[in-house]
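1. whatever this is, show me its structure:
(one chain, ligands or ions: 1)
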Amino acid sequence: MPLLFESCTFRYPRTSRPVLDSLDLTFPPGHTVLLGPNGAGKSTLLSLGASASKPQAGRVRYGRLDSAARKHVRGYRHRVSWLPQRPGFLPGLTCREHVAYVGWLKGMSEREAWRAAPDAIARVELTDKLNRKVKTLSGGQQQRIAIAQALVHKAELLLLDEPTVGLDPQQRRRFLDLLISLRGSAHVIVSTHDIGDLDEAFDGVVVLESGRARFQGSVDRFSAHARPDCAPGRRLESAYASLLEGAE
Ligand SMILES: Nc1ncnc2c1ncn2[C@@H]1O[C@H](COP(=O)(O)OP(=O)(O)OP(=O)(O)O)[C@@H](O)[C@H]1O
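-> Sure, this is the predicted structure:
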């Protein structure tokens, strides 16, 4: 099912201008990478997509479910999981307890969530830390637990806000492999500044700039914006720079 932003306007309290102003944007099923400069509105868009915040005007829909309609919210949040840019952890909980707790919040039974947590933690290769307190892990390890949290209840759509922040190069590679392994079982939207080698893990690209979609299309169409003289390994970075400079 597509994720649809229909004429969405969102303004933070006590600010003069909306971050998103009548935005229309459709994320088709599949894996999409969301790019854009600092402050473009990527995290805001994902939090609306997660139904963690509501637009002041317009609608966010996942298929037929409206993210803000009282009768849909539960089903909506069950189908969509969200890794926020700054994930919070409850003090005193072990990795297994924390991931299971999030699964329970997302509608799993206590028993189901407790059983599912080790699998999610294994997918981020932290089985050896299952019973360690989350707060005692390194920053990159905590980020991987946050990814496990987003995986635990096997949502249909995963919204991941800068998931690779703090990951070492090997873990970043594993994360891309994890995304590839989710093909066919989940749709994913990932916001990142880490453009390098995204082509193999994603089908589509959206570039957001000042709350507007500056580009939307396939990875191939996106890379066609690269400068002809750019190094082969830098096509995506070059395409991104060209798009934002308007040198199409
Ligand atoms: N809680 C808030 N209160 C007021 N303004 C906010 C708040 N959070 C974000 N903003 C503003 O909203 C705009 C969009 O921020 P957002 O975090 O969505 O951008 P982003 O594209 O995710 O940026 P980055 O790449 O730096 O994470 C920015 O101008 C930011 O200053």
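2. what ranges do the strands span in the protein?
-> Applying DSSP state E to the chain gives strands spanning 3-10, 20-27, 31-35, 57-62, 65-66, 80-83, 157-161, 187-191, 204-209, 212-218.
3. just send the ones you listed back as CSV, with distance to the ligand, mean neighbour count and mean pLDDT too.
-> Bear in mind the C-beta positions are built from the backbone N, C-alpha and C, glycine included. Output for these, formatted as CSV (distance: least, CB to the nearest ligand atom, whole Å; neighbours: other CB atoms under 10 Å; pLDDT from 0 to 100):
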stretch, distance to the ligand, mean neighbour count, mean pLDDT
strand 3-10, 9, 20, 97
strand 20-27, 9, 18, 96
strand 31-35, 9, 24, 96
strand 57-62, 15, 20, 96
strand 65-66, 22, 19, 95
strand 80-83, 13, 23, 95
strand 157-161, 7, 24, 97
strand 187-191, 6, 24, 96
strand 204-209, 7, 22, 96
strand 212-218, 12, 16, 95
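4. centroid-nearest residue for this protein?
-> The residue lying closest to the centre of the chain (CA atoms, centre = their mean) is residue 160, at 1.8 Å.
5. what residues are bridge-paired with that residue?
-> Residue 160 forms beta bridges with residue 83, residue 190, as assigned by DSSP bridges.
6. that older thread, the strands of the chain into TSV, with extra columns for distance to residue 45?
-> Shown next, in TSV, are these (distance: least, CB to CB, whole Å):
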stretch	distance to residue 45
strand 3-10	7
strand 20-27	7
strand 31-35	7
strand 57-62	9
strand 65-66	17
strand 80-83	11
strand 157-161	9
strand 187-191	8
strand 204-209	7
strand 212-218	10
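7. what's the local residue count around the spatially closest residue to residue 60 that is not a sequence neighbour?
-> Distances taken as CB to CB, 6 or more residues apart in numbering place residue 67 nearest to residue 60, at 4.1 Å, with adjacent residues excluded. Close neighbours of residue 67, defined as other CB atoms under 10 Å, add up to 24.
8. how close does residue 67 sit to residue 32?
-> From residue 67 across to residue 32, the span is 17 Å (CB to CB, to the nearest Å).
9. next: residue 96.
-> From residue 96 across to residue 32, the span is 31 Å (CB to CB).
10. separation between residue 155 and the ligand?
-> Using CB to the nearest ligand atom, to the nearest Å, we find residue 155 at a distance of 21 Å from the ligand.
11. that residue touches residue 83, doesn't it?
-> No: the criterion here is CB atoms under 8 Å, and residue 155 misses it with residue 83 at 10.8 Å.
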